[in-house]
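J.: sharing a model that was predicted from the sequence below.
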Amino acid sequence: MRALSALLLWPVAFLTSAQPDVRPSSPPFAYPVLPPHVATDSAAAPEGWHVMRIARGDLDRDGRVDFAIALQFRDTVPHLRPDSDLSNTPPRILAVYRRTSAGPYALVTQSNSFLLRDDEGGMTPPELELRFAQDTLHVLFQFLRGNMDYGFRYQDGQLACTAFENVGVVVDRIDEMHMDLVRNLAVHRQGPVDQDTYTTEERIAIPPHPPLTLERLAMPMRTDLGAGLRL
């Protein structure tokens, strides 16, 4: 049974920046290197940055609480995105820390590009949510007309995307893409907006790929895994 609010539907063709493709003449924005170890989650925020979102959970089910944190710079600053578009909004950082057996938190990964900016995603700024479900960190983007959900798990010494969902509307039809990046299987469904059933369902094998870390993904919907498979 499909259960989606009409207010959360977004065309799956996805994001275009509202800013013109103009390169800044000033030096590139310098992102800080976050501390490799912190005693508390609040200590991860450098001077000039504030905490947008924070989520706590257990990435490897060892009983120790880890955390993910989204930081935003205090000012609007022109900065280039991985797709070469220019953003004139506050830069953002996504970081994940794991609790060590010795007590402090250790930095697992820092991405200066993955989080969408306020000028990316359509008619209104995308809403960001971080949450844990068991050992999976979910990074969610909700738009006026849709949503995307990236699931990350800690595997083989690195944090990698293991699941992805993209739900939206194309004209008057619901379009859903669900990817299981462990079994390498995608399910693509479509159906009328005003009904709770799908009229088409296609199962697609995902080609072999290296671990989809935050560094490899760079930013949402810019990584091609095969024909019709983008995350």
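T.: Arrived safely, thanks for sending.

J.: phi, psi for the residue of the chain most remote from its centre please.
T.: For the chain, the residue at maximal distance from the C-alpha centroid (C-alpha atoms, centre = their mean) is residue 102, at 30.0 Å. Per-residue torsions, residue 102: phi -80, psi -10 (degrees, to the nearest 10).

J.: ok, the residue most central in space within the chain - contacts?
T.: By C-alpha atoms, centre = their mean, the chain has its centre lying nearest to residue 139, at 4.6 Å. Each residue near residue 139 by C-beta atoms under 8 Å, 6 or more residues apart in numbering is listed here: 68, 94, 114-115, 128-130, 149-150, 152. To be clear about C-beta, it is placed using only N, CA and C from the backbone, and glycine gets the same treatment.

J.: tell me which element it falls in.
T.: strand 136-143 (DSSP states H and E).

J.: that strand: how far from the chain's middle?
T.: Relative to the chain's own centre, strand 136-143 is displaced by 6 Å; criterion: C-alpha atoms, centre = their mean, to the nearest Å.

J.: quick one: low-confidence parts of the chain?
T.: 1-26 (pLDDT under 70).

J.: please repeat the previous calculation with a cut-off of 50.
T.: 1-22 (pLDDT under 50).

J.: how about the helices in it?
T.: 214-217 (DSSP state H).

J.: report the longest strand in it, please.
T.: Criterion DSSP state E: the longest strand present in the chain is strand 158-170.

J.: got the angle for the strand holding residue 139 vs strand 158-170?
T.: Angle of strand 136-143 versus strand 158-170, following axes from the mean of the first three to the mean of the last three C-alpha atoms, to 10 degrees, is 30 degrees.

J.: list of residues touching stretch 98-105?
T.: Outside stretch 98-105, the residues within contact range by C-beta under 8 Å, 6+ apart are 37-41, 44, 59-60, 64-67, 97, 106, 108, 154.

J.: from those residues, which ones fall inside strands?
T.: By the criterion of DSSP E, membership of the contacts of stretch 98-105 in strands covers 37-38, 66-67, 97, 106, 108, 154.

J.: can you flag the buried ones in these?
T.: 38, 66-67, 97, 108, 154 (16 or more other C-beta atoms under 10 Å).

J.: tell me the one of those nearest residue 197?
T.: Residue 197 lies nearest to residue 154 out of these, by C-beta to C-beta, at 36.9 Å.

J.: which residues touch that closest one?
T.: 59-60, 98, 108, 135.

J.: who wins for neighbours among those residues?
T.: residue 59 (25 neighbours; other C-beta atoms under 10 Å).

J.: for residue 137, see how far away that residue is.
T.: Distance, residue 59 to residue 137, using C-beta to C-beta, to the nearest Å: 7 Å.
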